[in-house]
Every structure is written in structure tokens, then in C-alpha cells.
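Enquirer: give the three-dimensional model of this entry:
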Amino acid sequence: MYILGRYDRVDLPLLGLKNIHAKVDTGAFTSSLHCHRAEVIDGVLEFILLDEEHPEFTGMKFQFREFEERLIKNSFGEVERRFVIHTTLKIFNEDITTEFSLSNRGSLKFPILIGRKILRNRFLIDVTKKNLSYQEKRRQRRAQKSKNR
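Expert: Numbering: from 1, shown residues only. Purely as a prediction, here's the structure:
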């Protein structure tokens, strides 16, 4: 079982995003992705991740034919209707297929929130630590480079 800190950097390979800041939130059940625009057109969910202010913003439009709409309670206890998609999160070089709700996290520091559903039976949380997966990824990359020399 891996140890995660209070935040880390993760990849969303199916969405073409790498090393995106993610907050670990044991109070949240479902994980969440920052999305500033999402709409259903002819039964297909179309959305753009992040926003123009974010350094990893690409403006790329994503389309999902399989998605859900759910009522989800936000951190203020208010119920919101959100779209929920399934995609892959890569952390500690492990691919985890899970669900993410799409919400506007533009005013928040972290564009990804990792909730209990992903964490359960996979990770222990040490809130005194940060970026443990990202540091391991960098160590492996440096070792590979020196091996190839």
C-alpha cells in the first residue's frame, strides 16, 4: 500500500494531462476535475478541462458518450447537479480507472480533487507529506536516464 501526502501531481493519460496538481481529500467521496464548461449535445457530453488561467490549459474539447448526471454535495453542504465520467488516473505508476465529477474548481488551488473512492484500500494518507508519487516518478526518470548513458 502506498503512502500519499496532502497533495500530489497525477496524470490523466486518456485526457492527455500530465503532472497536474491534485489535492487529496478524505472528506470527499467522489473525485472531481476542474471543468469550466460542460454541455450535452445530441446525447454526447462535451467539455473543456481547466480554464485559460491554468498553465496546462489546452482548450481541447473532450467528448464522452457514456456519462451520468448526479446530485453531489459540495464542500459547503450544498447539493449540485454534476456530470460524472469514468477515466484513468495514474499515480505511483499505477493506472486506476475511476469516476470523476466535473465541477468548476477555478477559484481553488488544485484542479483535481482525489476522494475516498480512489483512496480506499490503496493508499494511506500522511498529511505531513506532499508530492510523494511525483517525487518517485522523478527518481525513476533520473535512474532511467543515468542507466541509458
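
Enquirer: can you give me the buried ones in the longest strand along the chain?
Expert: Longest strand in the chain by number of residues (criterion: DSSP state E): strand 79-91. The neighbour-count check on strand 79-91 (16 or more other Cβ atoms under 10 Å) flags 82, 83, 84, 85, 87, 89, 90, 91 as buried. Just so you know, the C-beta spots here come from the backbone N, C-alpha and C atoms, and that holds for glycine as well.

Enquirer: what packs against that strand?
Expert: In terms of contact count using 3 or more Cβ pairs under 8 Å, 6 or more residues apart in numbering; DSSP states H and E, strand 79-91 is assigned the packing partners strand 7-12, strand 31-41, strand 44-49, strand 68-73, strand 94-103.

Enquirer: so in terms of bridging, what pairs with residue 69?
Expert: On the basis of DSSP bridges, residue 69 is bridged to residue 83.

Enquirer: show me what contacts it?
Expert: By Cβ atoms under 8 Å, 6 or more residues apart in numbering, the contact list for residue 69 reads 81, 82, 83, 84.

Enquirer: for residue 138, see how far away residue 145 is.
Expert: For residue 145, the distance to residue 138 (Cβ to Cβ, to the nearest Å) stands at 11 Å.

Enquirer: higher neighbour count, these two?
Expert: Neighbours were counted for residue 145 and for residue 138 using other Cβ atoms under 10 Å; residue 138 has more, 13 against 9.

Enquirer: separation between that one and residue 27?
Expert: To residue 27, residue 138 is 29 Å away according to Cβ to Cβ.

Enquirer: what do you get for residue 69?
Expert: Taken as Cβ to Cβ, the span from residue 69 to residue 27 is 23 Å.

Enquirer: one more: residue 81?
Expert: 21 Å.

Enquirer: check which helices and strands the helix or strand containing residue 21 sits against.
Expert: Residue 21 is part of strand 17-24, with elements assigned from DSSP states H and E. Counting contacts by 3+ Cβ pairs under 8 Å, 6+ apart, strand 17-24 packs against strand 7-12, strand 112-114.

Enquirer: skip the chain neighbours and tell me the closest residue to the residue nearest to the spatial centre of the chain.
Expert: Of all residues in the chain, the one closest to the mean position by Cα atoms, centre = their mean is residue 112, 4.0 Å from it. Leaving out its chain neighbours, the residue that sits closest to residue 112 by Cβ to Cβ, 6 or more residues apart in numbering is residue 22, at 3.8 Å.
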